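Asks: Structure of the sequence below:
(chains A and B)
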Amino acid sequence: MTRNILHVDANSFYASVECQRRPELRNKPVAVCGSQEDRHGIVLTANYIAKPYGVRTGQAIWQAKQCCPDLVVLPPDMAEYVRISKYAREIYEDYTDQVEAFGLDESWLDVTGSTGLYGDPMTIAREISKRVKFELGITVSIGVANNKITAKLGSDYKKPDAITRIEADNYKEIVYPLPAKDLLYVGPATVEKLRHMGITTIGRLAECPESVLTYKFGKMGAVLRRFANGWDPTPVRRQDYVRKVKSVGNSATTPRDLTCDEDVHLMLYLLAESVASRLREQGFRCTVVEVSMRDTSLFTFSRQQKLEMPTASSEEIANTAFKLFKQNYSWIRNIRSVGVRGSDLVDASAGFQLSYLADGIRRDKWERIDAAVDQLRQEYGYMSVRRAVTCTDPVLGAINPRGHTVHPVGYFGG
Amino acid sequence: MDRERTKRYVPVIVRFEADGRLRPQIIEFDEGHKYPIDKILDVRRAACQTVGGVGDRYTVRAAGKERYLWFERDRWFVITTS
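Replies: Predicted coordinates:
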């Protein structure tokens, strides 16, 4: 059966919300940027007046100001964006219970079962667009197709405030000339590889023999070709669907550059504590620890290691991460952001092979200490109990890694 | 000539119905200006285009005039002209 999928994308979401509530900004170039003091000073969203000046998401604030000196820079108000996003979702849920959010500003809707009640997909799209404008004061772009990938291409095709239908009759005409990078999961590295193969458009990708693509990209090659052809059977998740957690991670851009091993050790402790406590909260232990670093030139690398035994102990995660870091980094540049991740999760209540050696007992002891810390923090606040090492640096030590918003974005549910 | 519109947060006496609905009863501009609401004509989610803001828009009749009263997050506001 043919499905009817809509992809609704709120145009310049953060900036639009800001301009809606402050009418005096509506005729000005506006960018919502991460806070300058904490050095997340990059453009998160720019409005449609700022974009022609060359202001782009991801630019540093100073770069954006160079493109557009009159740019109005606003700090983000996540609580407000979450509120408006929730209202948008309430509108979508009037039409279907299959609404899958992709970040705060994008959602897929499966309206296959709703066409009898509300009319054809284009009618539903028009109604949603009108309601969002009236009820929330912002605009959306909607893609209408028979699968999620093509629907997303549709919502990207024309912005802002537009509806694009892409189906078999006009698929080749609209999608084939688009650059390959517009396809979900084609990042800069893939674009480069494809370019070497002479593939620059989605059409060329769609018509490339599968064997060639799998030779070059492995399993992903076949997936890319399917996406390029608009063959994507993945369902739109229901609203109550909970993704299976595959890993738990946390990262932070630090308020100042990290310049020595001690700094990194401190940050790894902070992050490992948050990762470990989330693992425990969700009833998991991890068997692989991954550490990632980004230096001041924005070069990023990550390394991982398998543990002998599954763990949810912050001490063990931090020490493994630090060891990995020591083995793999030689301080050519200072470090700007760090991340720790625990993956290959196992159920904490499942049994595992105990060791005769002493560290088995020590591990158990550490986990009980962690559990006690969790309880204290829950009752008396995050700062009520801290590692002494976090007091050695008031700037870094004051970061609460659990205070960060975690954006759950990953198409494959990763 | 268009007079300038401003957003003004106001105290409102509200009745909480048993089913959870809110029924604003009196808009209190200041000591000298308290307007009882005679009738609620309409309630809907709406964005305020003129002065900005998103919330539940109550169309009410108070002092013989129809006007909008907005409930945004946890505050009430009206549009005033000066």
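
Asks: so where's the stretch 51-200 of chain A shaky on pLDDT?
Replies: Applying pLDDT under 70 to the stretch 51-200 of chain A picks out no residues at all.

Asks: mind running it again at 90?
Replies: A:57-63, A:78, A:101-104, A:184-190 (pLDDT under 90).

Asks: where do the helices sit along it?
Replies: A:61-67, A:78-92, A:115-118, A:121-136, A:148-157, A:171-175, A:188-196 (DSSP state H, counting those that start in this stretch).

Asks: where does chain B dip in pLDDT?
Replies: For chain B, counting by pLDDT under 90, the residues that fall below are B:1-5, B:29-33, B:63, B:81-82.

Asks: Can you tell me which residues in chain B are near chain A?
Replies: With Cβ under 8 Å from any Cβ of the partner chain as the criterion, chain B meets chain A at residues B:44-54, B:73. Using the backbone N, CA and C atoms, a C-beta is placed for each residue, glycine as well.

Asks: and the closest residue to chain B within the stretch 1-150 of chain A, how many neighbours does it have?
Replies: Closest residue of the stretch 1-150 of chain A to chain B, Cβ to the nearest Cβ: residue A:137 (2.8 Å). Applying other Cβ atoms under 10 Å in any protein chain shown, we find 21 residues neighbouring residue A:137.

Asks: How many residues are close by residue A:318?
Replies: 26.

Asks: Show me the residues of chain B next to chain A that map onto strands.
Replies: Among these, the ones falling in strands (DSSP state E) are B:44-47, B:54.

Asks: What sits closest to whichever residue of chain B sits closest to chain A if chain neighbours are left out?
Replies: Here chain B gets closest to chain A at one residue, residue B:47, 2.8 Å apart by Cβ to the nearest Cβ. Spatially, and ignoring its direct neighbours in sequence, residue B:47 is nearest to residue A:137 (2.8 Å; Cβ to Cβ, 6 or more residues apart in numbering or on different chains).

Asks: List the contacts of the one you found.
Replies: A:20, B:47-49, B:52, B:54 (Cβ atoms under 8 Å, 6 or more residues apart in numbering or on different chains).

Asks: Check the gap between it and residue A:270 for me.
Replies: Plainly put, residue A:137 is 39 Å away from residue A:270 if you go by Cβ to Cβ, to the nearest Å.

Asks: and what of residue A:55?
Replies: 33 Å.

Asks: So for these two, which sits in the more crowded spot?
Replies: Remark: of residue A:55 and residue A:270, residue A:270 carries more neighbours, 28 against 24, as counted by other Cβ under 10 Å.

Asks: Residue A:101: how many residues sit nearby?
Replies: With other Cβ under 10 Å as criterion, residue A:101 counts 18.

Asks: So it is in contact with residue A:88, correct?
Replies: No: counting by Cβ atoms under 8 Å, residue A:101 sits too far from residue A:88 to count as a contact (9.4 Å).

Asks: any residues in contact with both of those two?
Replies: residue A:107.

Asks: nearest spatial neighbour of residue A:44, skipping sequence neighbours?
Replies: Closest residue to residue A:44 apart from its sequence neighbours, by Cβ to Cβ, 6+ apart: residue A:32 at 5.0 Å.

Asks: which stretch of helix or strand covers that neighbour?
Replies: Assignment of secondary structure by DSSP states H and E places residue A:32 within strand A:30-33.

Asks: Could you list the residues in contact with that strand?
Replies: Residues contacting strand A:30-33 (Cβ under 8 Å, 6+ apart): A:14-15, A:18-19, A:41-47, A:49-50, A:55, A:61, A:64, A:71-76.

Asks: beta partners for the closest residue to residue B:50 other than its chain neighbours?
Replies: Nearest non-adjacent residue to residue B:50, counting by Cβ to Cβ, 6+ apart: residue B:5, 5.1 Å away. On the basis of DSSP bridges, residue B:5 is bridged to residue B:81.

Asks: for residue B:5, what are its contacts?
Replies: Residues near residue B:5 by Cβ under 8 Å, 6+ apart: B:50-51, B:79-81.

Asks: And those residues, which is closest to residue B:39?
Replies: residue B:79 (19.3 Å; Cβ to Cβ).

Asks: my guess is that closest one is in a helix, correct?
Replies: No: Residue B:79: not assigned to a helix; according to DSSP: H, G, I helix; E, B strand; the rest coil it is strand.

Asks: where's the residue nearest to residue B:47 relative to residue B:58, distance?
Replies: 17 Å.

Asks: Residue A:63 now?
Replies: 45 Å.

Asks: So which residues on chain A come close to chain B?
Replies: Residues of chain A lying near chain B by Cβ under 8 Å from any Cβ: A:20-23, A:83-84, A:87, A:90, A:133-138.

Asks: if we go to 6 Å?
Replies: Counting by Cβ under 6 Å from any Cβ of the partner chain, chain A comes close to chain B at A:20-23, A:135-137.

Asks: Residue A:346 reaches residue A:285, doesn't it?
Replies: Yes: taking contacts as Cβ atoms under 6 Å, residue A:346 lies within contact range of residue A:285: 5.5 Å.

Asks: can you map out the strands along the stretch 301-414 of chain A?
Replies: A:335-347 (DSSP state E, counting those that start in this stretch).
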